[in-house]
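Q: Below are the sequence and a predicted model for it; my questions follow.
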Amino acid sequence: MTVKRRTVSLLISAAMVAGALAIATSPAYAGTATPANASGPAAAAARSAPALRQGIVPGGSVSATITTGAPTVRQISAATTCYYGYWRQETVHVLNSTIWARMTTNWCFNGSIVTSHSTKITEGHDIGWVYYSSPIQFNCYVAHIRSCSGNHEKDSPGFVVGNTSSGSSCGITLVQWETYLGNYHDSSSYFCIIL
């Protein structure tokens, strides 16, 4: 019986995190940030704001910090360039603890299309939190004339306190785009449900 009860608790916890991910983009429940490489007056104003931001959660305070890392550039041939180690990390401070997720992407391009790419997620959390991975969503798109002249990756891992269905939970969504010319953009958001 204990095994069945634990399985049901895990399924409920996973369902709670998955359901809450649906509200992750709601301005009332999610933190958002403008990347340093975005352009325009709104982006400039957003960059001048502090990197620390508050999320709205019932019964508690949550803050998050965004950090990013520029890629290392390597010329593979006269036509092909590769960018390695482009990353974005969202660190959430909640219930006197810290959870974080980082998306790191490597990609190569030739001025017409993105020729290859790889993306991975790394995470960390304080004792008492349990990490639930999710599959990285990927698609290539037409950034300019040709199919797969751009790539897009998105992942939304979740974290639950105490591995039970009655625990508080948080989700982090990480998104990246890369193009055939080496341009890149990223964003992220988070939500927390404090029980």
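A: Looks like it came in fine. A quick note: this is a predicted structure, and the numbers were derived from the prediction, not measured. Numbering: from 1, shown residues only.

Q: Can you name every helix or strand that whatever helix or strand Cys108 lives in contacts?
A: Assigned by DSSP states H and E, Cys108 belongs to strand 97-109. In terms of contacts (3 or more C-beta pairs under 8 Å, 6 or more residues apart in numbering; DSSP states H and E), strand 97-109 is packed against strand 81-94, strand 114-125, strand 129-132, strand 150-155, strand 169-179. Backbone N, C-alpha and C define where each C-beta goes, glycine included.

Q: Please identify the most buried of those.
A: The highest average neighbour count among these, using mean count of other C-beta atoms under 10 Å, belongs to strand 169-179 at a mean of 24.

Q: Let me know the angle separating that strand from strand 97-109.
A: Computed with axes from the mean of the first three to the mean of the last three C-alpha atoms, to 10 degrees, the direction of strand 169-179 lies at 20 degrees from that of strand 97-109.

Q: The helices and strands packed on strand 97-109 into JSON lines, with extra columns for mean pLDDT and distance to Val142?
A: Output for the helices and strands packed on strand 97-109, formatted as JSON lines (pLDDT from 0 to 100; distance: least, C-beta to C-beta, whole Å):
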{"stretch": "strand 81-94", "mean pLDDT": "96", "distance to Val142": "20"}
{"stretch": "strand 114-125", "mean pLDDT": "96", "distance to Val142": "11"}
{"stretch": "strand 129-132", "mean pLDDT": "94", "distance to Val142": "33"}
{"stretch": "strand 150-155", "mean pLDDT": "96", "distance to Val142": "7"}
{"stretch": "strand 169-179", "mean pLDDT": "96", "distance to Val142": "10"}
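
Q: Let me have those in a markdown table, adding distance to Thr105 as columns.
A: Formatted as a markdown table, those follow (distance: least, C-beta to C-beta, whole Å):
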| stretch | distance to Thr105 |
| --- | --- |
| strand 81-94 | 5 |
| strand 114-125 | 5 |
| strand 129-132 | 20 |
| strand 150-155 | 6 |
| strand 169-179 | 5 |
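
Q: Thank you kindly, that will do.
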